[in-house]
Structure formats: structure tokens, C-alpha cells
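*Asks:* quick one: sequence and predicted model below, then my questions.
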Amino acid sequence: MIALLTYKGILVLIIFTVTLAVAAYSTYAERKVAAFLQDRIGPDRAGPFGLLQPLADGAKFFFKEEIIPNVSNKTLFILGPSLAMLTALMTGVVVPWGNTLWLDGKEYVLQITDLNVGILYVFGVASIGVYGIMVGGWSSNNKFSLIGAIRASAQMISYEISMGLAIIALILMTGTLSLREISLQQAGGVGSDWNLWNVVYQPLGFLIFLVCAFAECNRTPFDLPECETELVGGYHTEYSSMKLGLYLFAEYINMFISSAVISTLYFGGFNFPFMNDLGLSSNWITVIGTGFFFGKIVFFIFFFMWIRWTIPRFRYDQLMNLGWKMMIPLAIFNIALTGLVSLVFK
Amino acid sequence: MLTNRSKVVVKKEMNFWERIYLPAIVGGTIITIKHLFRRKATVRFPEVKREISAVWRGQHVLKRDEHGAERCTACGLCAVACPAEAITMTAAERKKGEEHLYREEKYATVYEINMLRCIFCGLCEEACPKEAIFLTDRIESTDYSRNAFIYGKDKLVEAVDKRIDVTKRQTPAVLEFKKHKLLSHNR
């Protein structure tokens, strides 16, 4: 029991650190990707290639003056960013970061906990995430913040529906809610003992999930909650110093986690092509698999940024039209199609 | 229809592929990914300097003559010519024994250019009858306070042992042009 707790504790610490590090370097990557897509070179002053830029940014945030508006609700104002950060960090618990490691005949699963309702847990925590934004925007007592917060909550609720429906089609197929089992079902990829990744069976579901993930993370083209041209800074207009930093950080953590969830659900998680043909021991395959998993995550984070600098922001009515009139019917059609196909072929 | 450039607006119904928007997004992502590998336009400034024109109008210099005496005689024509009113000066009479310092009997004790006001038009240079002030291809440095941008004689007058080359701006054609009778100081 103690051994298990220590192992899980260490794993939690590692994943916590890795999450923060990835989020920090996402800010750097965002600026670099933005620059490269615009024929610039981006930050290159702090350290070689500007690699110390996240540290400099973090230090800057800490040294900034902290302003809490007089008319704000102080408790909620402080609670907002903490809630956003907390929920962002909580989702990483059920993500299977790798397969099993065998050391001295003992089994070490590279996942903090394998809930049998893993996906539901992710959804539940992600929907609490909107409270961070809502509470922060509302307690600021600023109309721009409030509009941003209302937009955020309306947008997240609308897109959660089609996201959930997209997942239902996947669950019909896999027959499980546990993220680890979904990963294991996709073991092999190409090669012997092959299983194709879920994206092959669920291309439409993947597309819907991807679009909704963009909306859930408040990323362009769905970044209306913080749209600078209309709302100053949206829900975080009144925030300064590290509280603002926490909001921005939470957004990057959300991006990291949703990339991880997309990779797990549709792109084979920690499995990689030819994994059974290499003739390596299972521990090595686990380690390489974790590497591949992070590779997939990095690709999706890059994809998030790539899309950001490609597609302009939607208008609010377009956003709602897309969510309610396109995504939800499509997702329902996808469920019907999946049900029909599985009925015919099984 | 005067220019024949008017276009009739066509409000055509979008077809299915245009309506689902995805091909357009894919096309957009291909365009942006191409830019990822394109040559970058950025010049890493303090280390690498962009090539600038030979007649670039940058920070001013007050020239000395071949014996090292200041050419400026504080006539004030540059200050009059200046459209931004950036130049101020105080004149004084040359004393005995100062002939090696100042070329004419009158000189500027104070000569200040407010670099925040200056628009680098080069009219001061054009107005100068003594070939004393020139704009150079140097870029004036940045600073934190407004006062630091008021350049006095310490920054403007060239050092005796470190002359600043202005031959690119003081070409024979320019010298000929300055002798023109229409210029106010030649009248």
C-alpha cells in the first residue's frame, strides 16, 4: 500500500512538473510558431534561440504590480484563476501516459489512476473549467469581462454537447469509457497484431471532436471570450501580474491535455506502428511508446498554433450556428452511422 | 464607368464544398505551412545592420575644417530652415588665441538639436553656408529620458582625431548646387 502510494505520488509529481514545463514551453512555441508562420524569427534574446524566454516571462509576471479592482468581489476574483488552473491540472490524472513498466517483477502503470469512467471524468472536469473563467469575468465587475465570461460559458456549453455526442460514437465502437483500455485496443498500429487507430474508423467523429476541442480551449478561431478587438482582453481584462499568468497558463495546459486526449482517443495513444515487430522487451516498447505519445501531443499542440495563424476568428452568431446547426446534427448522424455499421458487421 | 474598373458584384450561391468550409481551411493551412520554411525577413539589429542608402539622413555631425577648427559660425540659418524647430544655438565672439578652435570670428557656444523633434529632412544641411552641419549614415542611439535626446556640442561636433566621412553627401554636384544664386545665403 505504502509502496503504491509512493509510486503514485512520484508519478503525480512528475506529471505535474512535465505539464507545467510543457505549458511554459508552449508559450515559447506559440511565439516561435507565430513568428515563423509570419516570416519572422520570434524571441531569440533570452538564452540560445530564446530558450529561456518562458523563465523571463514568468519572472516578469511575478514582478508586475498586482491590481485588484476596488469594486470587484475579492474572494471570487482570487478564486477565478485558481479554479482555472486547478481544473486544467486535474484532467491529466486519467490520461495514460504510457503502457506498463515491469521492474523487479512489479508492475508500474504509467497512469495516475485508471478510472473506468475516464472520459466522463475528463468531461466533468473540463466543464468545471468554465467556472474559472465565469467566476473571474463576473467578479471583475467590468462589462467587457462579463461579456467575455458569458461568451465563454455559452460557447463551452454549446460545444460540449457535440463533443459528447462525438465521443458516444467512439464509445459505441470501443465499448469502454476507460482511456487506458481505449489505448490498448489500438495497440499495434501497422505491423503484426495490427489494430488500426480509431481515427480510421471514426474520421467524422474525430473532426467534430477536434473542432470542439478548439472551442473548449478558447483557441482561435473560437477565441471569442478574450477577443481583443471587441472586448479589450475578455474575461481577464482586469487581471494583472501572476493571476493573469495563471489564466494564460491554464489555457496552455488545457491545450496540452486536449492534445493528449485526442491522441489517446483517436491516434493510438502510446502505441506506435510496428511496435510488435521490433523484437524489443516490453519495457523498451513502453518507453518508446511514451516518447511517441509525447510526439503526437507536440504535433497536436503545433496544430493548435498552426490553425491559430491560419483561420480568422468567427463572428459570434457564426460560432453559435456552427455549434448548434452543424456540429450537433453531424454528431448525431455520426452516432447513427456508427450504430448501423456495427450492427451490420457484427 | 469612367475608369472601366468597376466590377459587378456576383452573389453566387456557394456550392457544397465551399459551404462545408473544410477545403478552404486545408488550403489555408498549406499556405501558412509554406511560410514556416520561407526565408525570414528579420534582421537581428544590434549584431547585424541592415544595408542603408549612401545618402541616408541619420544623426547630425558638426564638421571641423582641415586644421581642426569648428566650421560653424552660429549664423542661425539652420535653425531658421528647420521645419521642426529642433535647433537652438547661442553665439559668442572668438577671443584672441582661439583661432585654432574656431574658424570664423563668431562661433556657437551652445548648439543643441532636439532629436525627438528632428524629422531628418536635411534642410539644415542645405541651408548651411559654411559646410558645417551634415547628416550622416549613423543611427542615433536610444535612451530612457527625453532630456537625453537633446544633443549638445559634445555629441554633435566631430572629434579632431576621429573625423566623420561625409563625402557621400558632400559630392561636387551638391557643392555646385549650394553656389546657386537663388539660395538665400548666396544672395
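*Replies:* Thanks, I have the structure now. Please read these numbers as outputs of a predicted model, since none were measured by experiment.
*Asks:* from the chain's centre, how far out does stretch A:205-213 sit?
*Replies:* How far stretch A:205-213 lies from its chain's middle: 12 Å, per CA atoms, centre = their mean, to the nearest Å.
*Asks:* now it: average pLDDT?
*Replies:* Averaging pLDDT along stretch A:205-213 gives 89.
*Asks:* and the helices in the stretch 101-250 of chain A?
*Replies:* For the stretch 101-250 of chain A, the helices defined by DSSP state H, counting those that start in this stretch cover A:118-139, A:143-174, A:179-185, A:198-201, A:203-216, A:228-231, A:241-266.
*Asks:* now render those as a markdown table, adding distance to chain B and mean neighbour count.
*Replies:* For the C-beta atoms, the positions are set from N, CA and C on the backbone; glycine is no exception. Shown next, in a markdown table, are the helices of the stretch 101-250 of chain A (distance: least, CB to the nearest CB, whole Å; neighbours: other CB atoms under 10 Å in any protein chain shown):
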| stretch | distance to chain B | mean neighbour count |
| --- | --- | --- |
| helix A:118-139 | 24 | 22 |
| helix A:143-174 | 15 | 21 |
| helix A:179-185 | 26 | 21 |
| helix A:198-201 | 16 | 18 |
| helix A:203-216 | 8 | 22 |
| helix A:228-231 | 20 | 14 |
| helix A:241-266 | 17 | 24 |
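*Asks:* which one of these lies closest to A:L52?
*Replies:* Each of those has some distance to A:L52 by CB to CB; the shortest is helix A:241-266, at 16.5 Å.
*Asks:* just want the angle from the next helix-or-strand element following the closest one to helix A:203-216.
*Replies:* Once the chain leaves helix A:241-266, the next helix or strand it forms, by DSSP states H and E, is helix A:282-308. Here helix A:282-308 runs at an angle of 70 degrees relative to helix A:203-216 (axes from the mean of the first three to the mean of the last three CA atoms, to 10 degrees).
*Asks:* the host helix or strand of A:L89 versus helix A:143-174: what angle between them?
*Replies:* Secondary structure from DSSP H and E places A:L89 in helix A:74-90. The directions of helix A:74-90 and helix A:143-174 differ by 30 degrees, with the same axes, to 10 degrees as the criterion.
*Asks:* other residues contacting helix A:74-90?
*Replies:* A:16, A:19, A:68-69, A:125-126, A:128-129, A:131-133, A:135-140, A:238-239, A:243-244, A:246-247, A:249-251, A:253-254, A:257 (CB atoms under 8 Å, 6 or more residues apart in numbering or on different chains).
*Asks:* same question for stretch A:326-339.
*Replies:* With contacts defined as CB under 8 Å, 6+ apart, stretch A:326-339 is touched by A:159, A:161-162, A:165-166, A:168-169, A:172-173, A:202, A:204-205, A:208, A:211-212.
*Asks:* check the offset of it from the chain's centre.
*Replies:* Taking CA atoms, centre = their mean, the mean C-alpha location of stretch A:326-339 is offset from the chain mean by 23 Å.
*Asks:* what residues are up against the residue lying closest to A:Y266 once chain neighbours are set aside?
*Replies:* For A:Y266, ignoring the flanking residues on the chain, the nearest one in space by CB to CB, 6 or more residues apart in numbering or on different chains is A:V199 at 4.2 Å. Shown in contact with A:V199 (CB under 8 Å, 6+ apart): A:206, A:266-267.
*Asks:* quick one: mean pLDDT over the longest strand belonging to chain B.
*Replies:* If you go by DSSP state E, chain B has its longest strand at strand B:106-114. Per-residue pLDDT values over strand B:106-114 give a mean of 91.
*Asks:* quick one, the helix holding A:L89 and helix A:118-139 angle?
*Replies:* Using the same axes, to 10 degrees: helix A:74-90 against helix A:118-139 is 160 degrees.
*Asks:* buried ones in the very next helix or strand once past the longest strand of chain B?
*Replies:* With elements assigned by DSSP H and E, the helix or strand that comes after strand B:106-114 is helix B:123-127. Under the neighbour-count criterion of 16 or more other CB atoms under 10 Å in any protein chain shown, helix B:123-127 has B:123-125, B:127 buried.
*Asks:* by contact count, what packs against the helix or strand following helix B:123-127?
*Replies:* Remark: after helix B:123-127, the chain's next helix or strand is strand B:133-135, criterion DSSP H and E. Counting contacts by 3 or more CB pairs under 8 Å, 6 or more residues apart in numbering or on different chains; DSSP states H and E, strand B:133-135 packs against strand B:60-62, helix B:123-127.
*Asks:* in JSON lines, list these along with distance to B:E13 and mean pLDDT.
*Replies:* Below are those laid out as JSON lines (distance: least, CB to CB, whole Å; pLDDT from 0 to 100):
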{"stretch": "strand B:60-62", "distance to B:E13": "64", "mean pLDDT": "91"}
{"stretch": "helix B:123-127", "distance to B:E13": "60", "mean pLDDT": "88"}
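*Asks:* residues near A:G50, how many?
*Replies:* 18 (other CB atoms under 10 Å in any protein chain shown).
*Asks:* which bits of chain B sit near chain A?
*Replies:* B:22, B:25, B:28-29, B:31-33, B:35-36, B:38-42, B:44 (CB under 8 Å from any CB of the partner chain).
*Asks:* put the buried members of these into a ChimeraX selection.
*Replies:* To isolate the buried members of the residues of chain B next to chain A in ChimeraX, using 16+ other CB under 10 Å:
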select /B:28,29,32
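*Asks:* among the residues of chain B next to chain A, name the ones in helices.
*Replies:* B:22, B:25, B:28-29, B:31-33, B:35-36 (DSSP state H).
*Asks:* hang on, the earlier thing: among the buried residues of helix B:123-127, which one sits closest to A:V341?
*Replies:* For the buried residues of helix B:123-127, the nearest to A:V341 is B:L123 (80.2 Å; CB to CB).
*Asks:* the closest one and chain A: what is the separation?
*Replies:* Noted for B:L123: a distance of 36 Å to chain A, by CB to the nearest CB, to the nearest Å.
*Asks:* run a quick neighbour tally on the nearest residue to that residue once chain neighbours are set aside.
*Replies:* Once flanking residues are discounted, B:L123 sits nearest to B:A81: 4.5 Å by CB to CB, 6+ apart. Neighbour count for B:A81, taken as other CB under 10 Å: 18.
*Asks:* list the contacts of B:A81.
*Replies:* By CB under 8 Å, 6+ apart, the contact set of B:A81 is B:123-124, B:126-127.
*Asks:* would you turn the residues you listed into TSV with distance to A:S82?
*Replies:* As requested, the contacts of B:A81 are arranged in TSV below (distance: CB to CB, whole Å):
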residue	distance to A:S82
B:L123	61
B:C124	60
B:E126	65
B:A127	66
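*Asks:* show me which pair in the residues you listed is furthest apart.
*Replies:* Farthest-apart pair in these is B:C124 and B:E126; separation 7.3 Å (CB to CB).
*Asks:* measure A:D114 to A:A3 for me?
*Replies:* Between A:D114 and A:A3 the distance is 18 Å, computed by CB to CB, to the nearest Å.
*Asks:* those two: which has the busier surroundings?
*Replies:* A:D114 (14 against 8).
*Asks:* for that one, what are its contacts?
*Replies:* A:94, A:96, A:178-180 are the contacts of A:D114 under CB under 8 Å, 6+ apart.
*Asks:* touching, A:A46 and A:A59? I think so.
*Replies:* No: with contact defined as CB atoms under 8 Å, A:A46 does not reach A:A59; the gap is 10.1 Å.
*Asks:* which one's more surrounded, the two?
*Replies:* A:A46 (15 against 11).
*Asks:* my read is that one is in a strand, agree?
*Replies:* No: the assignment for A:A46, made by DSSP: H, G, I helix; E, B strand; the rest coil, is coil rather than a strand.
*Asks:* quick one, phi psi at it?
*Replies:* phi -80, psi 100 (degrees, to the nearest 10).
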